[in-house]
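Asker: Coordinates for the following, if possible.
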Amino acid sequence: MEENKFAGKLFFTLITDRSLCRRPFFTTVELALKGGVKTVQLREKGLTTAELYALAGELRRMTLDFKANLIINDRVDIALAVNADGIHLGWQSLPCKIVRGLFDSEKLIGVSAHSLHDALVAQENGADYITFSPIFTTSSKSGLLEPVGPDAIRDLKSEITIPVIALGGINERNAEMVLMRGADGVAVISDIILADNPEDAAKSLYNKITTCKGKMKISVQLN
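Answerer: Numbers count the residues shown, from 1 in each chain. Prediction:
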């Protein structure tokens, strides 16, 4: 598959959850972008269509200012209305093949995957990338899914060719574990949303990601 020009920004993704924000929602996102977040994935429940559109519109303006991606969860209509960079699909969403027919080829389509089977189906149906979760224990999946552990990323990468974004309990302390096992990037929620200073939290994780990727590039060159 030809590399999408927006895919390179997936290496550091913030998934939103306004219910967890310690600061005002837009302040939190803006600080995260200042700290180095390159993709914002809007995942908000319990809003009317009008409320979600207003939220997405403001995030579109904000992400454009920072030259960052905006990905909308599930709602193709909202993604099209605000000219988002892509859509993220779950198991209750429209099928990936249908969404691909609604979007132009430059729009990203991401799919949530929790197993190799999920990932293979997503790739076959035209997904540009997957989020693979949960890697570590996380409150958002507590009691629903068992963490797969970072080694599962290496196994997954040996079977699929589209980018794999690791999700679930990832923070500055364990990000290197998932990246060194082949993850193309990380997605976080609470590590930034719950931080007293979202900008500092994002900056610390951004530095960890870029340092790790630099080490990996050097290692490849030496080999």
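Asker: Give the burial count for the residue lying closest to Asp74 once chain neighbours are set aside, as a bare number.
Answerer: Spatially, and ignoring its direct neighbours in sequence, Asp74 is nearest to Ser93 (4.9 Å; Cβ to Cβ, 6 or more residues apart in numbering). Where you see a C-beta, it was placed from the backbone N, CA and C, and this is true even at glycine. Ser93 has 17 neighbours, counted by other Cβ atoms under 10 Å.
Asker: got it, and the one 4 residues further on?
Answerer: Counted with other Cβ under 10 Å, the burial measure for Lys97 works out to 12 neighbours.
Asker: That one and Ala122 touch, don't they?
Answerer: No - with contacts counted by Cβ atoms under 8 Å, Lys97 stays clear of Ala122, the gap being 10.7 Å.
Asker: Ile162 belongs to a helix?
Answerer: No - using DSSP: H, G, I helix; E, B strand; the rest coil, the assignment for Ile162 is coil, not a helix.
Asker: need the contact list for it.
Answerer: By Cβ atoms under 8 Å, 6 or more residues apart in numbering, the contact set of Ile162 is Met1, Ala122, Gln123, Ala127, Asp128, Tyr129, Ile130.
Asker: how close does the residue lying closest to the fifth one once chain neighbours are set aside sit to Ile130?
Answerer: Spelled out, it's Asp128. Distances taken as Cβ to Cβ, 6+ apart place Leu108 nearest to Asp128, at 4.8 Å, with adjacent residues excluded. For Leu108, the distance to Ile130 equals 11 Å [Cβ to Cβ, to the nearest Å].
Asker: Pick out whichever of these two has more residues nearby.
Answerer: Neighbour count, other Cβ under 10 Å: between Leu108 and Ile130, Ile130 has more, with 27 against 24.
Asker: partner residues bridging that one?
Answerer: Val111, Val164 (DSSP bridges).
Asker: wait, what's in contact with it?
Answerer: Here Ile130 is in contact with 110-113, 118-119, 122-123, 160, 162-165 (Cβ under 8 Å, 6+ apart).
Asker: Repeat the analysis, applying 6 Å as the threshold.
Answerer: Ile130 is in contact with Val111, Ala113, Ala119, Ala122, Val164, counting by Cβ atoms under 6 Å, 6 or more residues apart in numbering.
Asker: do Leu116 as well
Answerer: Leu116 touches Leu156, Glu159, counting by Cβ under 6 Å, 6+ apart.
Asker: For it, grab phi and psi.
Answerer: phi -60, psi -40 (degrees, to the nearest 10).
Asker: and it, how far is that from Ala54?
Answerer: 39 Å.
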